[in-house]
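**Q** structure for this input, please:
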Amino acid sequence: MMSENDFLALLNSAPVVNGVVVETLNDPELGRLRDELHRVIRGQADASTLTPHLRGVSEIPSIGHNGVEWTLAGPAERLRQAEIVLEWSRVQSELPGRLRACENPECNKFLIDHSKPNTARWCSMASCGNRMKARRYQARRSSDGEA
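**A** Prediction:
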C-alpha cells in the first residue's frame, strides 16, 4: 500500500517555480487524479469525483499470520490510482482536518499536520513559512510608516 509520505509527494508533484506550475509526473492519469485530489481537498469538488479511479478494483481477503489481510485486485492501471484514493481516505478518516493546502497563496503544495495543536500553516517552514512571515513583517513596517 501507499505510504503517507508517498501520498504527500504525489500531491506536491506540481510545485510552483518562479510563478509557474511545473509538472513533474510523467503519467497523465496520475496527474489528473492529483489535480482532482487538489480540488477535493480545497473544497472545490465533491469527493465523488474520485469514484472513476476505483472502478474495476476490489479487495480480496486472505488469512495471514496477523489475521485477515486485504489485497487490491483489478486492472494494473487502476491499482495505483486506487491505492492513492485509499490513502486519501485513510488520511481523511484517521487524521481529520489535518490534510490541507499550504497557506501561501503562491504555493501549490499540501501538508499533513502532525502537530498536537493542529496549527501548521505552510508546506515548509524553511520556504513558505519564512517567506510569509517576512511579507507580514514588511507589511507591518510599511503600515507603521517605516521603510
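
**Q** contact partners for residue 85?
**A** The contact partners of residue 85, by C-beta atoms under 8 Å, 6 or more residues apart in numbering, come to 33, 50, 53-54. Backbone N, C-alpha and C define where each C-beta goes, glycine included.

**Q** ok, it to residue 42 distance?
**A** 17 Å (C-beta to C-beta, to the nearest Å).

**Q** ditto for residue 51
**A** Taking C-beta to C-beta, one finds residue 51 at 18 Å from residue 42.

**Q** residue 23 too?
**A** 18 Å.

**Q** can you check residue 5 too?
**A** As for residue 5, its distance to residue 42 is 21 Å (criterion: C-beta to C-beta).

**Q** could I get the buried residue list for the helix ranked longest in the chain?
**A** Counting residues, the longest helix found in the chain (DSSP state H) is helix 76-94. Within helix 76-94, the residues scored as buried using 16 or more other C-beta atoms under 10 Å are 78, 80-88, 91.

**Q** what about this protein, any weak spots by pLDDT?
**A** Flagging of the chain using pLDDT under 70 yields the residue ranges 129-139, 144-147.

**Q** rerun at 90
**A** Scanning the chain for pLDDT under 90 picks out the ranges 1, 16-19, 77, 104-106, 119-147.

**Q** can you lay out the contacts of residue 85 as JSON lines showing distance to residue 113, neighbour count and secondary structure?
**A** Shown next, in JSON lines, are the contacts of residue 85 (distance: C-beta to C-beta, whole Å; neighbours: other C-beta atoms under 10 Å; DSSP: H, G, I helix; E, B strand; the rest coil):
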{"residue": "33", "distance to residue 113": "23", "neighbour count": "22", "secondary structure": "helix"}
{"residue": "50", "distance to residue 113": "22", "neighbour count": "20", "secondary structure": "helix"}
{"residue": "53", "distance to residue 113": "25", "neighbour count": "23", "secondary structure": "helix"}
{"residue": "54", "distance to residue 113": "27", "neighbour count": "16", "secondary structure": "helix"}
